[in-house]
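Show me the folded form of this:
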Amino acid sequence: MIREHGLVELAENISTGLAGRLQLLVGTIDRLDRLDTGSGDWLENFDALELEEEAGQLVLRALHVLSDPRNYIVLEELSKSDSVPLQALVENTQLGRVSLTERLNDLAQVGFASRLIDTDYAQITAAGASAVDLVQLLSAQLAEIYKKRKNR
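Residues are numbered from 1 along each chain as shown. Next up is the predicted model:
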């Protein structure tokens, strides 16, 4: 199901989700750094020295995770409901429990999904939903362009 979004809005939604993930990672590293050295020097220099590179790496990693067809199937299944039991995902994706768990971990690590361990459910994030919308939008546009070229 393609929701009505523009490319700019989809990019903003994905970037916002990735920014949240980056913020969580940076905060975790900063806490560890402060426990280890007590200085907080790393965080003070992060924006100037590492931010641009790390932002690019996180975007590429997210696109890599999204481009895996089986990961995309999991994400697409998650997009169909607010919260999905893992057993339903196992049945609907034809993945074993271990494979599904690892794929959910990959999707969660880039901010596209979350897993509720206590209830054994998984959910798509706003960034994940926008990633699905982006793939569907690009696929629909590709099909339209192909049809136009075929009919020439």
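
Point me to the helix or strand that includes V26.
helix 7-36 (DSSP states H and E).

Which elements pack onto that helix?
Helix 7-36 is packed against helix 41-49, helix 51-67, helix 126-150, with contacts defined by 3 or more CB pairs under 8 Å, 6 or more residues apart in numbering; DSSP states H and E. For every residue, glycine as well, the C-beta is placed using N, CA and C.

So for G17, which of these sits nearest?
The closest of the helices and strands packed on helix 7-36 to G17 is helix 126-150. By CB to CB, the value is 2.3 Å.

For the closest one, which residues meet the burial criterion?
Taking 16 or more other CB atoms under 10 Å as the basis for neighbour counts, the residues of helix 126-150 that come out buried are 127-135, 137.

what residue ranges in the protein score low on pLDDT?
Residues of the chain meeting the criterion pLDDT under 70: 1-5.

What's the local residue count around I117?
In terms of burial, I117 registers 7 neighbours under the definition other CB atoms under 10 Å.

correction: L75
For L75, the tally of surrounding residues (other CB under 10 Å) stands at 25.

Now it: which helix or strand?
Using DSSP H and E, L75 sits within helix 69-78.

From the contact counts, what lies against that helix?
helix 51-67, helix 86-93, helix 97-109, strand 113-116, strand 121-124, helix 126-150.

residue contacts, the closest residue to Y121 other than its chain neighbours?
Nearest-residue entry for Y121: S83, 4.7 Å, with adjacent residues in sequence omitted and distances by CB to CB, 6 or more residues apart in numbering. Neighbour list for S83: 116, 119, 121-123 [criterion: CB atoms under 8 Å, 6 or more residues apart in numbering].
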